[in-house]
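1. A predicted structure for the sequence below; I have some questions about it.
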Amino acid sequence: MSFNLSGFSTPSSSDSKNVKVLVLGSGPAGLAAALYAARAELSPVVLTGMELGGQAALTHTIENYPGFPEGVGGAQLGELFQKQAERFGAVVEFDTAQGVDLSQRPFKITTDNGLYLADTLIVATGARPNHLEIPGETEMTGKGVSYCATCDGWFFKDKKVVVVGGGDSALEEGLFLTRYASSVTIIHRRDTLRAGKVLQNRAFNDPKISFLWNTVVTAVDQGDKVTTLKLSNLQTGTASTFETDGLFIFIGHTPNTQLFTGQLTMDEGGYILANARMETNIPGVFVAGEVADNHFRQVITSAGMGAAAAIQATHFLEQEFAQP
């Protein structure tokens, strides 16, 4: 046994799988990268991670992806991405990376099921939902606290729910919850929203949606299920309680970059830094999607980054092969 830079024990190299292109993540970025690498006949392998399809697969309807004028379900779009990549020879493995060693090529990636030796690596590990970090939040997760309206909205038929956040995700999920809930109260710490104007107009005009401005949730009362929240008005300091059956939290994401700490250069927020060609500080390692994008965070931009990363990985391998 040997140990990689992340401190995980790895199988011996005789048990490893050698691949030209290894893609970490199966969201739009990862699967677009797999498609382009497969069409270049590089036989890419995609490790899905814990969420097949990434965060996009948890979105009920995506209305701004070109080619789907009526919108498309996030999970459905992910399935289409996967089928297209597999059609050209990509292999999708339901496996999760647990450690990486980028100190030399081939790169060593330890997974739940074994060891991969990769000539090039495309990091598309995405991001995870941020938590409020308040008392009762963790304890009541699954008992009324949720981070996925698509997953849990059905359980709140004819119930009153709260959505925390002010961006696109908060409004998209809030609008989705109106399919089930009797009322949706959106709580935002500011007095204006960050979401796009189309979403804002929909939310303001929906009779089921109301807003609490300049307010934060400070605690979730604990019990068998969520019944009340503790609130604080940021302007007046006034504390209050709010009765609700559910709390849905959409306050951004944190990039899944823990495996690469000390190896790949990141910004202060933990996002992997790359140049316009998706190249990281380590030759042969490329990055795509929300793990490197703290600004756009769209399905189409993630897919474009994935395509660019795969094109550059292809050029990287071609130049290496061409050297005498």
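-> Nice, thanks for sending it over. Residues are numbered from 1 along each chain as shown.
2. where along this protein do the helices fall?
-> Remark: helices assigned in the chain by DSSP state H are 28-39, 74-87, 149-152, 168-177, 197-205, 299-322.
3. could you redo those as a markdown table and give each row mean neighbour count and distance to residue 225?
-> Yep, even glycine has a C-beta here, placed from its N, CA and C like the rest. Putting these into a markdown table (neighbours: other C-beta atoms under 10 Å; distance: least, C-beta to C-beta, whole Å) gives the following:
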| stretch | mean neighbour count | distance to residue 225 |
| --- | --- | --- |
| helix 28-39 | 30 | 35 |
| helix 74-87 | 18 | 27 |
| helix 149-152 | 19 | 12 |
| helix 168-177 | 24 | 17 |
| helix 197-205 | 14 | 26 |
| helix 299-322 | 20 | 33 |
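4. any low-confidence regions in the stretch 201-324 of the chain?
-> For the stretch 201-324 of the chain, applying pLDDT under 70 flags the ranges 323-324.
5. strands of that one, residue ranges please.
-> Per DSSP state E, counting those that start in this stretch, the stretch 201-324 of the chain carries strands over the ranges 209-212, 215-220, 228-233, 239-243, 246-249, 253-255, 285-287.
6. same question, the stretch 1-150 of the chain
-> Under DSSP E, counting those that start in this stretch, the stretch 1-150 of the chain gives strands at 2-3, 9-10, 17-24, 45-47, 91-93, 97-101, 107-111, 115-123, 127-129, 145-146.
7. would you reformat those as a markdown table and include mean pLDDT and mean neighbour count?
-> Formatted as a markdown table, these follow (pLDDT from 0 to 100; neighbours: other C-beta atoms under 10 Å):
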| stretch | mean pLDDT | mean neighbour count |
| --- | --- | --- |
| strand 2-3 | 27 | 12 |
| strand 9-10 | 40 | 16 |
| strand 17-24 | 98 | 24 |
| strand 45-47 | 98 | 25 |
| strand 91-93 | 97 | 18 |
| strand 97-101 | 97 | 20 |
| strand 107-111 | 98 | 24 |
| strand 115-123 | 98 | 25 |
| strand 127-129 | 89 | 18 |
| strand 145-146 | 94 | 24 |
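8. make TSV out of the ones you listed and add distance to residue 172.
-> Below are these laid out as TSV (distance: least, C-beta to C-beta, whole Å):
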stretch	distance to residue 172
strand 2-3	43
strand 9-10	41
strand 17-24	27
strand 45-47	27
strand 91-93	27
strand 97-101	29
strand 107-111	33
strand 115-123	26
strand 127-129	14
strand 145-146	14
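9. quick one: closest of these to residue 200.
-> strand 127-129 (21.6 Å; C-beta to C-beta).
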